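**Student:** sequence and predicted structure are below.
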Number of protein chains: 2
Amino acid sequence: MSTELFYVVKYRTRQRDAVLRVVTEEGKPLSAQKIIERADQLCPGIGAATVFRTLKQAVESGEVSKVELPGLAPHYEIATADHHHFFVCENCHELQPLEGCLDDLSKLLPIGSRMKHHEIVIFGECSNCLER
Amino acid sequence: MSTELFYVVKYRTRQRDAVLRVVTEEGKPLSAQKIIERADQLCPGIGAATVFRTLKQAVESGEVSKVELPGLAPHYEIATADHHHFFVCENCHELQPLEGCLDDLSKLLPIGSRMKHHEIVIFGECSNCLER
DNA sequence: ATGGGTGCAAATTGTTTGCATTTTA
DNA sequence: TAAAATGCAAACAATTTGCACCCAT
């Protein structure tokens, strides 16, 4: 009986959990397509709509951050408290979080405008790709 | 005769010229949709396909730069020699070119990777929107 | 039996492509 | 008359939505 209840509870949350597990375990932002692909491995037959719905809700609840970078589809990562930017490998298209930031951005700001936030992206080739 | 020839020559380049004229005259990057809209005013009935084709060719020839920013559709501007970034107003979604840049980006770079280029984007509210 | 979660398929949006026609040289 | 440009409509990719259904409470 208790095992049956356990199974039932697991079933109820299986799909949405799979999505969040994928996002959590990766440690770096993933595109929706990658998340769908991996969630489908954990949970075969999961619909893309479910993945998108789950991501949207998780972003709204603050559990997940939507990472938007130039020229790339939106990526998703588990929300963290720290402020960070990304390195984008132009070869393999993987992202790497960067530590630290530059703080003198305001000197670039147009007169009369107010800065709310900013984005810094470094493009190049990652160590993995350079080794080959 | 000569007037007829003149007319013919003008006709031949009307559509593609309209696209480049729109991009040139604006002085800041425009989205494809905005370009289509304005080109259609200059040159009613112009097809979206022609606009996209023209933009693609102009980018390939180096005449126009494709500007990709986080969360925005690609924008297009007349290519310039100088390196610059953009301010994005989150209210009206207009872009403003920024002067200057930050030069110590490499300190953020992951070990073993090579930087090819970078992007800095400042989001906020522009002076126009703040005044109201 | 009520309501949230789900998959499917249709709708949407933005862009690209194929193709027949027009225009140009 | 051969090559380039054009418009239309179909194709496309990524995401969203409508809807009927399943399943837990």
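**Tutor:** Received the coordinates, thanks. Numbering: from 1, shown residues only, chains lettered A, B, ... in the order given.
**Student:** how about stretch A:43-56: buried residues?
**Tutor:** Applying a neighbour-count criterion of 16 or more other CB atoms under 10 Å in any protein chain shown, one finds A:Cys43, A:Ile46, A:Thr50, A:Val51, A:Thr54, A:Leu55 buried in stretch A:43-56. Just so you know, the C-beta spots here come from the backbone N, C-alpha and C atoms, and that holds for glycine as well.
**Student:** pretty sure the fifth one is in a helix, no?
**Tutor:** This points to A:Thr54. Yes: secondary structure assignment (DSSP: H, G, I helix; E, B strand; the rest coil) places A:Thr54 inside a helix.
**Student:** now do the contacts for it.
**Tutor:** By CB atoms under 8 Å, 6 or more residues apart in numbering or on different chains, A:Thr54 lies in contact with A:Gln15, A:Arg16, A:Val19, A:Leu20.
**Student:** what's the lowest-pLDDT member of the residues you listed?
**Tutor:** For those, the least confidently modelled position is A:Gln15, at 82, judged by pLDDT.
**Student:** before we move on, the earlier item: looking at the contacts of A:Thr54, spot the one nearest DNA strand C.
**Tutor:** Checking the contacts of A:Thr54 against DNA strand C by CB to the nearest atom of the strand gives A:Gln15 as the nearest, at 2.9 Å.
**Student:** which SSE is immediately downstream of the helix or strand that contains the closest one?
**Tutor:** For A:Gln15, the enclosing helix or strand under DSSP states H and E is helix A:2-26. Of the helices and strands lying after helix A:2-26 in sequence (DSSP H and E), the nearest is strand A:30-31.
**Student:** helix or strand next in line after the single longest strand found in chain A, which one?
**Tutor:** Determined from DSSP state E, the single longest strand within chain A is strand A:114-125. Taking DSSP H and E as the definition, the helix or strand that follows strand A:114-125 towards the C-terminus is helix A:127-131.
**Student:** could you check that next one and say which residues are buried?
**Tutor:** For helix A:127-131, the buried set under the neighbour-count rule, 16+ other CB under 10 Å, is empty.
**Student:** export that helix as CSV, just CAs?
**Tutor:** As requested, C-alpha coordinates have been extracted for helix A:127-131 and formatted as CSV (Å, rounded to 0.1, in the frame of the first residue of the first chain):
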residue,chain,number,x,y,z
SER,A,127,39.1,25.5,-23.9
ASN,A,128,37.5,22.2,-24.9
CYS,A,129,37.2,23.2,-28.6
LEU,A,130,40.7,24.8,-28.7
GLU,A,131,42.3,21.6,-27.5
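**Student:** give me the mean pLDDT for that helix.
**Tutor:** When pLDDT is averaged over helix A:127-131, the result is 92.
**Student:** what lies in contact with that helix?
**Tutor:** In this structure, residues lying in contact with helix A:127-131 by CB under 8 Å, 6+ apart are A:Cys89, A:Asn91, A:Cys92, A:Glu94, B:Pro110, B:Ile111, B:Gly112, B:Ser113, B:Arg114.
**Student:** give me the three-state assignment for A:Arg38.
**Tutor:** A:Arg38 - assigned by three-state DSSP - is helix.
**Student:** perfect, that will be all.
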